[in-house]
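Peer 1: got a predicted structure here, sequence first:
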Amino acid sequence: MFATVRRYEGIDSSNIDELTKKVGESLAPKLSKMPGFSSYFLIDTGNGVMSSIGLFETSTQANDSTRVAAEWVRDEKLERILQNPPKVTDGEVIVHKTTNGAVKA
């Protein structure tokens with residue numbers, strides 16, 4: 001399993017609700033249809049920062065999700081909200097614990 005973490009900074013708090021709605025209505029469904037999709041999370045960390053985590057089966061699929069997210073920002077004309085490019089971190093998930101207690105390492 002591979003994860004992609006995108007950190008968006010400099011988001012005006014007045015735009016959080018609009019961004020959250022658009023992510024839920026169009027980006028998350030788009031990502032969920034991608035090959036290898038496992039899960040997606042959007043996190044409001046406060047102070048104008050939002051982060052997302054996407055989990056995919058392969059590194060290529062995880063990297064493709066960043067391209068899809070960038071295209072989505074352009075298509076939805078969200079450059080006024082997401083004025084700064086995200087800081088992207090990706091890599092293999094080496095420990096994963098589920099609610100059923102299973103630990104995969």
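Peer 2: That came through fine. Predicted, not measured: the structure shown is a model, and the values here were computed from it.
Peer 1: looking at the protein, which helix or strand is least sure?
Peer 2: strand 103-104 (a mean of 58; mean pLDDT, DSSP states H and E).
Peer 1: my guess is residue 96 meets residue 1, correct?
Peer 2: Yes - Residue 96 lies in contact with residue 1 (Cβ atoms under 8 Å); the separation is 6.3 Å. For every residue, glycine as well, the C-beta is placed using N, CA and C.
Peer 1: and residue 84, how far from residue 49?
Peer 2: Look at residue 84 and residue 49: by Cβ to Cβ, to the nearest Å, they are 10 Å apart.
Peer 1: what touches both of those two?
Peer 2: Listed as contacting both residue 84 and residue 49 by Cβ atoms under 8 Å, 6 or more residues apart in numbering are 8, 9.
Peer 1: residue 71 belongs to a helix?
Peer 2: Yes - under DSSP: H, G, I helix; E, B strand; the rest coil, residue 71 sits within a helix.
Peer 1: residues near it, how many?
Peer 2: As a burial measure, residue 71 scores 11 neighbours (other Cβ atoms under 10 Å).
Peer 1: can you list the strands that the longest strand along the chain pairs with?
Peer 2: Counting residues, the longest strand in the chain under DSSP state E turns out to be strand 37-46. Each strand paired with strand 37-46, and its direction, by DSSP bridges: strand 49-56 (antiparallel).
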